[in-house]
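Participant: Sequence first, then the predicted structure, then my questions.
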Amino acid sequence: MKFIELKNVNKTYSTGVTALADLSLSIDKGEFVFVIGHTASGKSTFIKMLYREEKPTKGSVIVGGVNVAKLRNRRVYKLRRKIGVVFQDFKLLPKLTVYENVAFALECIGMKSKDIKPKVMRAIEIVGLKEKVRSFPHQLSGGEQQRVCIARAIVNEPKLLICDEPTGNLDPDTSKEIMDVIDSINKDLKTTVIMATHDKEIVNRMKKRVILIEHGVLTGDKMKGSYKSHESI
């Protein structure tokens with residue numbers, strides 16, 4: 001069984017706009033996949049389907065053997081415990097330190113205090129912020145803040161890491177550093193990574209699987225792909 005499988009997924013909003021049309025694809029455990037496409041192409045809707053921020057109008061969305069499209073609302077929290085999400089805007093709590101921001105993700109799920117510290121320190125070390133554990137968000141650069149977000153997303157050792165334009169607010173050098181961190185998480189922790197992005201340089205440099213969505217339709221899917229593989233973008 002594939003780790004992620006979408007079958008004939010359609011999404012039409014109440015406005016009448018169709019975001020996804022008959023989308024079918026599968027992703028293996030441990031893969032690193034870029035999702036590209038123009039603004040309003042449907043890639044964000046696809047991403048949101050995976051952690052049940054959106055539900056399909058039709059079709060099935062299987063994540064780790066669970067059809068999340070049919071998951072009852074009261075059970076969504078259990079799905080999200082197994083998924084890490086990194087956004088473009090950092091969403092850090094300004095009055096909490098780096099350590100406290102990362103620990104908060106575990107406190108929210110009721111983990112015991114004695115179990116929290118080793119997990120938090122490991123996540124912070126993975127993203128290279130061991131010297132910043134007592135710093136507050138306003139004392140960090142944009143790249144460092146995004147590293148905190150990544151640490152928070154992986155602190156519970158999720159099988160899936162979803163990144164929605166994580167480098168959108170960062171300069172090219174910092175973006176490269178962030179992508180190196182995400183790449184190492186994929187390789188070293190065997191975490192499946194799915195990343196929506198507009199950053200052509202990153203996609204072209206990293207040579208991962210590239211999925212192209214245009215007007216809600218899957219129009220390209222290439223291993224070791226690039227933006228150059230999809231000339232219409």
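Facilitator: Yes, it's here. Note that this is a predicted model, so its numbers are computed, not measured. Numbers count the residues shown, from 1 in each chain.
Participant: which residue is nearest the centroid of this protein?
Facilitator: Nearest to the mean C-alpha position of the chain, by Cα atoms, centre = their mean, lies Ile162 at 1.3 Å.
Participant: how about the strands of the chain, start to end?
Facilitator: Counting by DSSP state E, the chain has these strands, from start to end: 4-12, 18-27, 32-36, 58-63, 66-67, 83-86, 160-164, 192-196, 209-214, 217-222.
Participant: Asp183 and Phe32 touch, don't they?
Facilitator: Yes - Asp183 is in contact with Phe32 according to Cβ atoms under 8 Å; the separation is 7.1 Å. (Each C-beta comes from the backbone N, C-alpha and C, glycine too.)
Participant: For the two, work out which one has more neighbours and name it.
Facilitator: Neighbours were counted for Asp183 and for Phe32 using other Cβ atoms under 10 Å; Phe32 has more, 20 against 14.
Participant: show me the residues around that one that make contact.
Facilitator: Contacts for Phe32 (Cβ atoms under 8 Å, 6 or more residues apart in numbering) come out as 183, 186, 192-193, 195, 206, 208-209.
Participant: so what's Lys208 up against?
Facilitator: 32-34, 224-225.
Participant: rerun that using 6 Å as the cut-off
Facilitator: Lys208 is in contact with 32, 34, counting by Cβ atoms under 6 Å, 6 or more residues apart in numbering.
Participant: Quick one: distance of the helix-or-strand element of the chain with minimal mean pLDDT to the chain centre.
Facilitator: In the chain, no helix or strand scores lower on mean pLDDT, DSSP states H and E than helix 76-80, which sits at a mean of 86. Centre-to-centre, helix 76-80 and its host chain are 15 Å apart (Cα atoms, centre = their mean, to the nearest Å).
Participant: got the contact list for it?
Facilitator: Contact with helix 76-80 is made by 51-52, 68, as judged by Cβ under 6 Å, 6+ apart.
Participant: Go through these and give me the one with the most neighbours.
Facilitator: Val68 (22 neighbours).
Participant: Tell me the predicted confidence for Gly225.
Facilitator: Note on Gly225: pLDDT of 86.
Participant: now it, nearest residue through space, not along the chain?
Facilitator: Nearest residue to Gly225 in three dimensions, chain neighbours excluded: Val210, at 3.1 Å (Cβ to Cβ, 6 or more residues apart in numbering).
Participant: Isn't the one you found up against Asp221?
Facilitator: No - look at Val210 against Asp221 with Cβ atoms under 6 Å: they stay out of range, at 7.6 Å.
Participant: higher neighbour count, these two?
Facilitator: More neighbours surround Val210 than the other of Val210 and Asp221, with 25 against 15 (other Cβ under 10 Å).
Participant: Under the pLDDT cut-off, which ranges of the protein? List them.
Facilitator: 228-233 (pLDDT under 70).
Participant: mind listing the helices in it by residue range?
Facilitator: 43-50, 76-80, 98-107, 113-126, 142-154, 172-188, 200-206 (DSSP state H).
Participant: Which among the ones you listed is found nearest to Glu5?
Facilitator: helix 43-50 (11.0 Å; Cβ to Cβ).
Participant: Does anything pack onto that closest one? Which helices or strands?
Facilitator: In terms of contacts (3 or more Cβ pairs under 6 Å, 6 or more residues apart in numbering; DSSP states H and E), helix 43-50 is packed against strand 160-164.
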